[in-house]
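# pasting the sequence and the predicted coordinates here, then a few questions.
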Amino acid sequence: MIQFVNDASPGSLTKDQAGRLAVVVGVFAPHIAEEVWHRTGHEGLCCVQAWPVVDPTMLTDSEVEMPVQVNGKLKGRVMVPANADAKAIEAIAAKDEKVAQAIEGKPIKKVIVVPGKMVNFIV
C-alpha cells in the first residue's frame, strides 16, 4: 500500500482505484479512509464495503529490473522481459552503455546469469 501511495501522483487515480484504496486503508486509518471514500463520490460507509477482489493477472510483471555487474562491481541496471532466457538477458545486459564500456576490448571469461536476479560478466 505504501508503494502504491508513493507511486500515485495527485489526480492519477480513478474513482474506482481511490475507492479500493480507501477500503484497504480503512483497516489502518478509518477516519482518513472514510473521508477519501466520500470525497470520491461514494455513498454509505467505507468500513462496510466488501474487500477488493484480487486479479492474479495484475500480480505478475511483464518486465523485471536486473542489476548488471562486471567482475562483481555494479555497472548498471537493465529492464528485461520476465520470461527471458539466459542468452536473451545476457544480450540485453551487454548492450547497456556502462557495461559495454567496462567489457570493451576485454575477453569475457564467463557470464553468470541468474534469471530475474542478476547478471555478472567476468573479464
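Nice, I can see it.

# contacting residues for L21?
Under the criterion of CB atoms under 8 Å, 6 or more residues apart in numbering, the neighbours of L21 are 1, 4-5, 13, 36. All C-beta spots, glycine's among them, are computed from the backbone N, C-alpha and C.

# SS state for it?
helix (DSSP: H, G, I helix; E, B strand; the rest coil).

# give me the distance between it and D55.
15 Å (CB to CB, to the nearest Å).

# mark which of the contacts of L21 are part of helices, please.
Secondary structure from DSSP state H places 4-5, 36 of these in helices.

# min pLDDT across those residues, which one?
Taken together, those show their lowest pLDDT at V5, with 71.

# what sits against it?
L21.

# strands of the protein, start to end?
63-70, 73-81, 110-114, 118-122 (DSSP state E).

# distance check, the residue nearest to K109 when sequence neighbours are not counted against M79.
Excluding its sequence neighbours, the residue lying closest to K109 (CB to CB, 6 or more residues apart in numbering) is I122, at 4.7 Å. I122 is 23 Å from M79, where distance means CB to CB.

# related to what we said a few turns ago, between the ones in helices among the contacts of L21, which is nearest V48?
Checking those against V48 by CB to CB gives V36 as the nearest, at 15.3 Å.
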